[in-house]
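Q: what would the 3D arrangement of this be:
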Amino acid sequence: MSLPPLVEPAAELTVDEVRRYSRHLIIPDVGMDGQKRLKNAKVLAVGAGGLGSPALMYLAAAGVGTLGIVEFDEVDESNLQRQIIHSQADIGRSKAESAKDSVLGINPYVNVILHEERLEAENVMDIFSQYDLIVDGTDNFATRYLVNDACVLLNKPYVWGSIYRFDGQASVFWSEHGPCYRCLYPEPPPPGMVPSCAEGGVLGVLCASIGSIQVTEAIKVLAGVGEPLVGRLMIYDALEMEYRQVKVRKDPDCAVCGPNATVTELIDYEAFCGVVSEEAQEAAAGSTITPKQLKEWIDDGESIEIIDVREPNEYEIVSIPGARLIPKNEFLMGTALEGLPQDKKIVLHCKTGVRSAEVLAVLKSAGFSDAVHVGGGVIGWVNQIEPEKPVY
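A: Numbers count the residues shown, from 1 in each chain. Next up is the predicted model:
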């Protein structure tokens, strides 16, 4: 579906800008008019991580006049495998500041605006209202639904992308002309069902593949060229090197963009997505121990069975001494229960405590009433007990 240009063209390009963007200017579908529109555009990148890195770099190179960056995190060494906008020298720095420096290094004619805060229902409307287009590079469901609902309520188009291991997805959501994210995914998956990139991993270069698609779509929407991915979902399988498309239709019963919408204002997205299920929260209440408490039990020779519910590749990176690996899915399927000792206290742990809380709920319902889990997981253990070990 062809759409009109999102923004009006700027008054002019300087001589230096004409030289810089000359390869765009000789493309008939872009030309002087399209480049002026890019110069006049205000685009907000939500996140300066895996997808935000290539997106910001190519948006800057393309000549988007104003780039906003919403980012509250700091650069960690584990980011550098995929977040190419940051470098070794940026470790410990604000991601927003690091990204700004890289953007201006690519194109000094770009105006960069930083929003060094967590995107929440309290600030999203004010931040989004300052921009023409949103590029969503977030990696959690609560923020994805927040971005979608805010864009629908503000009638803003946004380019969405998602990555996991070797797979990526991208689309353009604009409720005025097509479906929104809720039309595709009306409800978030159950807590713990879909691992995050921090839990499941992601091929670093996949970020470039999906991030470049996002920028391509942003340019098309801003300049009014081609047919944006409105009403279409692009799916990329890097292992098979295969792209395919799925049509996405506007849902007449959509809770936020349908004619009888029930979501007419922003909601509590953490609660909506159930970052940890109610069952897991109930199970963890009164049954959560600290890494230091676990260390004391080990040193005192307590009769405990430490079970790591992560995946084998995670276990190979770092583990708690004496822990036995039984991945979470084996508990969900029930196959792990029969092998658990009845004469020892079960101590569960994962990376940070989310997955182990879900498994704890399974054990509690199966009769292991004295089972506990380690709050903070193996990351907490390393930080508090064995800081010389690697983290991921």
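Q: ranges for the helices of the stretch 1-150 of the chain?
A: 15-20, 22-25, 31-40, 52-62, 95-106, 124-128, 141-154 (DSSP state H, counting those that start in this stretch).
Q: those: which one's closest to Val221?
A: The minimum distance between Val221 and the helices of the stretch 1-150 of the chain falls on helix 31-40, with 10.2 Å, by C-beta to C-beta. C-beta coordinates here come from the backbone N, C-alpha and C atoms, glycine included.
Q: mind listing what's buried in the closest one?
A: When neighbours are counted by 16 or more other C-beta atoms under 10 Å, the buried residues of helix 31-40 are found to be Gly34, Gln35, Lys36, Arg37, Leu38, Lys39, Asn40.
Q: about what we covered before: could the helices of the stretch 1-150 of the chain be laid out in CSV, adding mean pLDDT and distance to Gly211?
A: CSV is the format used below for those (pLDDT from 0 to 100; distance: least, C-beta to C-beta, whole Å):
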stretch, mean pLDDT, distance to Gly211
helix 15-20, 97, 21
helix 22-25, 97, 19
helix 31-40, 98, 17
helix 52-62, 98, 3
helix 95-106, 98, 13
helix 124-128, 98, 20
helix 141-154, 96, 16
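Q: who's in contact with Val359?
A: Val359 makes contacts with Val309, Lys328, Phe331, Leu332, Leu348, Cys350, His373, as judged by C-beta atoms under 8 Å, 6 or more residues apart in numbering.
Q: and the fifth one, that's in a strand?
A: Right, the one you point to is Leu348. Yes. Using DSSP: H, G, I helix; E, B strand; the rest coil, the secondary structure at Leu348 is a strand.
Q: I'd like to know how many residues surround it.
A: By other C-beta atoms under 10 Å, 29 other residues sit near Leu348.
Q: I'd guessed it sits against Glu305; true?
A: No. Look at Leu348 against Glu305 with C-beta atoms under 8 Å: they stay out of range, at 9.5 Å.
Q: point to the helix or strand of the chain where mean pLDDT is at its lowest.
A: Scoring the helices and strands of the chain by mean pLDDT, DSSP states H and E places helix 197-200 at the bottom, with a mean of 72.
Q: after that one, next one along is what?
A: helix 206-223 (DSSP states H and E).
Q: starting at the chain centroid, how far to the following helix or strand past that following helix?
A: Where DSSP H and E defines the elements, the next helix or strand beyond helix 206-223 is strand 232-237. On the basis of C-alpha atoms, centre = their mean, to the nearest Å, strand 232-237 is displaced by 17 Å from the centre of the chain it belongs to.
Q: phi and psi next, for the closest residue to Asp308 other than its chain neighbours.
A: Nearest residue to Asp308, sequence neighbours excluded (C-beta to C-beta, 6 or more residues apart in numbering): Ala323, at 4.3 Å. Backbone geometry at Ala323, expressed as degrees, to the nearest 10, gives phi -80, psi 140.
Q: so how many other residues sit close to Ala323?
A: The burial count assigned to Ala323 is 21, neighbours taken as other C-beta under 10 Å.
Q: next one: Gln81
A: Neighbourhood size, Gln81 [other C-beta under 10 Å]: 14.
Q: tell me the contacts of the spatially most central residue of the chain?
A: Nearest to the mean C-alpha position of the chain, by C-alpha atoms, centre = their mean, lies Asp139 at 1.1 Å. Residues counted as contacts of Asp139 (C-beta under 8 Å, 6+ apart) are Gly47, Gly49, Gly50, Ser162, Ile163, Ser196, Cys197, Ala198.
Q: verify the contact between the fourth one and Gly168 for me.
A: Yes. Taking contact to mean C-beta under 8 Å, the distance of 6.6 Å between Ser162 and Gly168 places them in contact.
Q: more crowded one of these two?
A: Gly168 (24 against 19).
Q: any idea whether that one is helix, strand or coil?
A: When the rule is three-state DSSP, Gly168 gets the label strand.
Q: surely it meets Ala208?
A: No. At 10.1 Å, Gly168 and Ala208 do not qualify as touching, with contact defined as C-beta under 8 Å.
Q: much appreciated, bye for now.
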